[in-house]
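# coordinates for the following, if possible.
(3 chains)
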Amino acid sequence: MKTCKAGHLDSGIESDVQCRSGPGCVVKCSSERMENAAKRRLAANARERRRMQGLNTAFDRLRKVVPQWGQDKKLSKYETLQMALSYIMALTRILAEAERYSTEREWISLHCEHFHPESYHHYTGQKMAMDSDPYAQRIFNYHPEHFQIAN
DNA sequence: TAGGCCATCTGGTCCT
DNA sequence: AGGACCAGATGGCCTA
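Just a heads-up that it's a prediction; the model follows:
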């Protein structure tokens, strides 16, 4: 295919200069330009789709490591981020406390005092699946007010 | 049927 | 110039 050598159509500014490709160039070049623009748009759409798919993959990976407390419905993106934030904060506090109490025994006995499984509910208000979820068992051996949905 | 969530398209902006 | 990122618009699907 013949290309417009003058480049005046691609610049976005119309010019009176006659294109060397001949009198039919204006039509040919402009349709070619539209074709290129359409191709670029399609390519950009595909890239955007891939980018969003990558983002969704990352969300799925995050969902797997964040506690869901027996919820059958998967967390929305917003809920996933909120839960991840709360989860990280809870773990951070646990680590900070573990550092504060010199021995593991001392730390464990501190948290066992507060552990009442019946009183633990996840943030939607439903009862947690403590029996089935090992994460729940481990993390919620922790004072309940330390793990709340961030707002 | 309304509302929530999501995927996709699109145009704008920033960065390399 | 082209790619990455972002936000708004739109339409589809699902659920209460």
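
# which of the helices and strands in chain A ranks last by mean pLDDT?
The weakest-scoring helix or strand in chain A, judged by mean pLDDT, DSSP states H and E, is helix A:134-139 (a mean of 37).

# whichever helix or strand A:Leu62 is part of near DNA strand C at all?
Using DSSP states H and E, A:Leu62 sits within helix A:25-65. Yes - counting by Cβ under 7 Å from any atom of the strand, DNA strand C is contacted by helix A:25-65 at A:Arg40, A:Ala43, A:Ala44, A:Arg47, A:Glu48, A:Arg51. Every residue, glycine included, has its C-beta placed from N, CA and C.

# show me what that helix is packed against.
helix A:77-100 (3 or more Cβ pairs under 8 Å, 6 or more residues apart in numbering; DSSP states H and E).

# avg pLDDT for the next helix or strand after the helix it packs on?
Once the chain leaves helix A:77-100, the next helix or strand it forms, by DSSP H and E, is helix A:104-113. For helix A:104-113, mean pLDDT rounds to 70.

# quick one: name the residues of chain A near DNA strand B.
A:41-42, A:44-46, A:48-49, A:52-53, A:56, A:76-79.

# can you say which of these are buried?
The neighbour-count criterion (16 or more other Cβ atoms under 10 Å) marks A:Glu79 among the residues of chain A next to DNA strand B as buried.

# you'd agree A:Lys74 is in a strand?
No - using DSSP: H, G, I helix; E, B strand; the rest coil, the assignment for A:Lys74 is coil, not a strand.

# how far away is it from A:Tyr87?
16 Å (Cβ to Cβ, to the nearest Å).

# more neighbours, these two?
Between A:Lys74 and A:Tyr87, counted using other Cβ atoms under 10 Å, A:Tyr87 has the larger neighbour count: 18 against 11.

# any idea how far A:Arg49 lies from A:Ala37?
In terms of Cβ to Cβ, A:Arg49 sits 19 Å off from A:Ala37.

# near the residue of chain A found nearest DNA strand C, how many other residues are there?
Residue of chain A nearest DNA strand C, by Cβ to the nearest atom of the strand: A:Arg47 (4.2 Å). Neighbourhood size, A:Arg47 [other Cβ under 10 Å]: 10.

# do you know the pLDDT at it?
86.

# so who does it touch?
Contact analysis of A:Arg47 by Cβ atoms under 8 Å, 6 or more residues apart in numbering lists nothing.
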